[in-house]
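1. sequence? don't have it. structure:
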């Protein structure tokens, strides 16, 4: 099959990005982080970060699941998470909306309100943007940032002996997604409808703006249900953990957007052998029960989720000794989940019969 | 009608942007140019510009008209034009693609090749970006820039006595669009098809990559047809004119993307009374003939086109005297087309019976 016949679905997101990176060639002098969470470009005597992310209807969100405010919050949070994953401080954001002409003005204003709420909390200014007509609604955010506290933290840099940590509860957002999916399929798939505007269940419809009954009921099933929904619908970027982390000089850093397994592989791709200790994964009983209700093994749920927006990082053995097995970074807990070894790069899990190579899922575009 | 019931189509792009600007509130100290061609943010002791623009399938381009390379070229050129319109030097670009999964990898590579060609010419580095799945293909570019030659040039600043200039041939790109539209309707509208991939006329199909016969034939109808098509399909941003212009200290500056008439109004919106002298509009005989063939009055064609990516600016009377009625900025001709007067702001045309207020068309999103 020649390149002309290959489709994007067949090569996948990473295959496509690899091909495009080859076309673009090496970055200019002073530019770091191409292929990392964000690009880092020289700016005066310092450096700036640039990153962009998009939420596309039908791919990243459904109008029947997200309130417009939540969509705005999540669109900005995804970018803030990339800034945190570079050890950067976010500064300015540009917003670009593609809107079907029948979109209600009120819904667009609500998207912006959500975005502004997150922006204020993160001390980011929305300085401009663009609106264009298109058949599929999307919210695209580009974020700039700087590095007032030190050098950019990159995906590469993990060394044998380092320890691996992850913040918060990986897998939680994906459980929120599965909850919504199960609810939609129970109720005949109507929640999955893209027609939105004529659907009486549409969360984008005119007031009342309160949470609809079905979603409130889902949340009230239990505290882990509520947490999972919140983490999927309106995640917070770990800016506090990113700031606190700088004092600990992480040797490598990435945010978990494609799932812990895949993002561990992104770290390993820079030449490290990462060994995950499954018994060290954060698997609280309530998380495990919710995963079980949704038909998942708890460890698999933690490893193969997506859209976590947690921070995954490695630190030196001395720093790990200071941090311990459970650290708190800002307001965010972090768990030590494994170690970096000498030897063949890749992601391995530590079992009774020795390390075995980890393969399998995670969130893949075009999959 | 309340805001909740109003649609984006009803309030239009400018109505929507006005409402969003009210939500966002005034920009932070040191931030300029919000609502201008690009945002200007403080950066160290200088300033950076940030701008973003998108090309959406079905709105800004059709696969049956554009080669992928041209789409890439135009997507970047639109952003470069915004940088030129701020008197800035473009530096780095981020590219964000939304791709239907059936998109051919080869087509994506061709989009990038076009973009890279333009980027190299403008000394811009593509430093990253994003790909996501979605039903509607779009190419979004975010560009940064700096101001090594002086302060940002804004839309506001025109003073009574100043003269108005425009580069190149406003209206030309729109004639290219109309040529393609007429050709498509002659051939049964098949060129307008969005299905692309199964259409034997699809310019995104695998090789041969040469221009298809129908488009070559259209170009060969005459030099103005060729120019118009080129200006619509693969416009060049007026970076050379922007650079040359800095020496002349424009009192206001904008790029013509919505049509001369609408972009004059954007300048006027900052509080100026602009009087266009119709006999001074650049209306070469060949342009007039092509407009006539397409059923347009030549002056109307120059005033009410769109996607020109020309520069529109005002200069002081002394500078205008030096530049004359026809200037050359870099490699680009510029025509003096009117003057700024004291009095009620707005755009007026100078006629035998005095100035009359100009109204009407131009390119409007969601229209």
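-> Now that the structure is in, tell me what you want to look at. Because the structure is predicted, anything quoted here is derived from the model rather than measured. Numbering: from 1, shown residues only, chains lettered A, B, ... in the order given.
2. how near is the residue in the stretch 151-300 of chain A positioned nearest to chain B to residue B:6?
-> Nearest residue of the stretch 151-300 of chain A to chain B (Cβ to the nearest Cβ) works out as residue A:206 at 3.5 Å. Where C-beta positions appear, they are placed from N, C-alpha and C, glycine not excepted. Computed with Cβ to Cβ, to the nearest Å, the distance linking residue A:206 and residue B:6 is 10 Å.
3. overlap in contacts of those two?
-> Both residue A:206 and residue B:6 are contacted by A:104, A:106, under the criterion Cβ atoms under 8 Å, 6 or more residues apart in numbering or on different chains.
4. right, and the residue of the stretch 151-300 of chain A closest to chain B touches residue A:104 too?
-> Yes. Counting by Cβ atoms under 8 Å, residue A:104 is a contact partner of residue A:206 at 7.2 Å.
5. re earlier: what pLDDT does the residue of the stretch 151-300 of chain A closest to chain B get?
-> For residue A:206, the pLDDT comes out at 74.
6. picking up where we left off before, which one of residue A:206 and residue A:104 has more residues nearby?
-> Taking other Cβ atoms under 10 Å in any protein chain shown, residue A:206 and residue A:104 do not tie; residue A:104 has more neighbours (22 against 13).
7. show me the beta-bridge partners of the more buried one.
-> Assessed by DSSP bridges, residue A:104 has beta-bridge partners residue B:7.
8. any idea how far the spatially most central residue of chain A lies from residue B:13?
-> Residue closest to the mean C-alpha point of chain A, counted by Cα atoms, centre = their mean, is residue A:257 at 2.9 Å. As judged by Cβ to Cβ, residue A:257 and residue B:13 stand 32 Å apart.
9. same deal with residue A:134?
-> According to Cβ to Cβ, residue A:134 and residue B:13 sit 13 Å apart.
10. those two: which is more packed in?
-> residue A:134 (26 against 19).
11. quick check: which element contains the residue of the stretch 151-300 of chain A closest to chain B?
-> Element membership for residue A:206, per DSSP states H and E: none, as it lies in no helix or strand.
12. tell me how far it lies from residue A:261.
-> Counting by Cβ to Cβ - residue A:206 and residue A:261 are separated by 42 Å.
13. check residue A:317 too.
-> Applying Cβ to Cβ to residue A:317 and residue A:261 gives a distance of 24 Å.
14. try residue A:184
-> Distance from residue A:184 to residue A:261, by Cβ to Cβ: 26 Å.
15. same check, this time on residue A:175
-> Distance of residue A:175 to residue A:261, computed by Cβ to Cβ: 16 Å.
16. before we move on, what about residue A:226?
-> The gap separating residue A:226 from residue A:261 is 26 Å, by Cβ to Cβ.
17. and residue A:179, what does it touch?
-> By Cβ under 8 Å, 6+ apart, the contact set of residue A:179 is A:218, A:225, A:228, A:229, A:294.
18. tell me which residues in the helix or strand hosting it are buried?
-> Assessed by DSSP H and E, residue A:179 sits inside helix A:172-186. Neighbour counts using 16 or more other Cβ atoms under 10 Å in any protein chain shown place A:172, A:173, A:174, A:175, A:176, A:177, A:178, A:179, A:180, A:181, A:184 of helix A:172-186 among the buried residues.
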